[in-house]
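Engineer: model the following, please.
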Amino acid sequence: MTLTLLHTAETHRATFNALRDRIAPGAKMSHLVRPDWLARARNGVDVALEDEIARAVADAPGRVLCSCTTLGPAAAKTGALRVDAPMMQAAAQGGGTILMAYCLHATREPSLALLGSAISSAGSGAVARPLMIEGAWPLFEAGNTSGFHIRIAEAVAQEAANIRDLGSIVLAQASMSDAAKFLDGIGVPVLTSPELALRAALGG
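Structural biologist: Just a heads-up that it's a prediction; the model follows:
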């Protein structure tokens, strides 16, 4: 079986290839990178874009994993796995407040809805608290990934300090995952999506 990954940033190709080599050496993967899809989705996913995503999923030879949280709902409609789904399910198992950080306004609605659904299914009584990290995404677009991840970690740490019942932290977008290494010692689980999603996609 070949797993097809739908990306909206080229950087994810290397991220998921490295994960594959570590957790499932020899697993077959192919990548479709469409940054134009994210650009179009910034103001909403229209019918034409949904149709393009559906065709890409249908044309794939096996399972499909969509690494873009903004496009996740559209991809999931046609059978793809959302990159953030396993992460949200894991976060929902705990109680307290789940701090959900994100860097794109278009990510808020689909990510928050998915987390809310996971919390409801888990019956954990957890509460989602969204945090938009202003000024981070331009750093990513400029290729300043180190600055991007540091900006995320600083904003998350500052917000987390004000939450008395903090249960976990969710870095909603796959591109944010390396910010977790700057949050060591924060005292609660910091959940990221790439590894959890790849394990689910390859194991399903």
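Engineer: which residues are in contact with the closest residue to residue 100 other than its chain neighbours?
Structural biologist: Nearest non-adjacent residue to residue 100, counting by C-beta to C-beta, 6 or more residues apart in numbering: residue 170, 4.6 Å away. Where C-beta positions appear, they are placed from N, C-alpha and C, glycine not excepted. When contacts are counted by C-beta atoms under 8 Å, 6 or more residues apart in numbering, residue 170 touches 87-88, 91, 98-101, 115, 191.
Engineer: residue 170: what secondary structure?
Structural biologist: The three-state label given to residue 170 by DSSP: H, G, I helix; E, B strand; the rest coil is strand.
Engineer: so what's it bridging to?
Structural biologist: Beta-bridge pairing for residue 170 (DSSP bridges): residue 100, residue 191.
Engineer: ok, it to residue 20 distance?
Structural biologist: In this view, residue 170 and residue 20 are 23 Å apart by C-beta to C-beta, to the nearest Å.
Engineer: sorry, back to before: of the contacts of residue 170, buried ones?
Structural biologist: Buried residues within these, counting neighbours by 16 or more other C-beta atoms under 10 Å: 87-88, 91, 98-101, 115, 191.
Engineer: now those as CSV including distance to residue 125 and pLDDT?
Structural biologist: Listed next are these as CSV, based on distance: C-beta to C-beta, whole Å; pLDDT from 0 to 100:
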residue, distance to residue 125, pLDDT
87, 19, 97
88, 16, 97
91, 13, 97
98, 11, 98
99, 16, 99
100, 16, 99
101, 21, 99
115, 14, 97
191, 18, 98
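Engineer: adding distance to residue 138, write those out as TSV.
Structural biologist: Compiled in TSV, those are given as follows (distance: C-beta to C-beta, whole Å):
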residue	distance to residue 138
87	25
88	26
91	27
98	26
99	22
100	21
101	16
115	25
191	25
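Engineer: quick check, pLDDT for residue 204.
Structural biologist: With respect to pLDDT, residue 204 has a value of 58.
Engineer: break this protein down into its structural domains.
Structural biologist: 2-83+199-203, 85-192 (automatic domain parsing).
Engineer: all helices in the chain, in order from the N-terminus.
Structural biologist: 11-23, 35-41, 47-59, 72-77, 85-92, 105-122, 137-141, 145-160, 194-203 (DSSP state H).
Engineer: if I look at the residue nearest the centre of the chain, how far off is residue 38?
Structural biologist: Taking C-alpha atoms, centre = their mean, the centroid of the chain lies closest to residue 173, which sits 3.4 Å from it. To residue 38, residue 173 is 11 Å away according to C-beta to C-beta.
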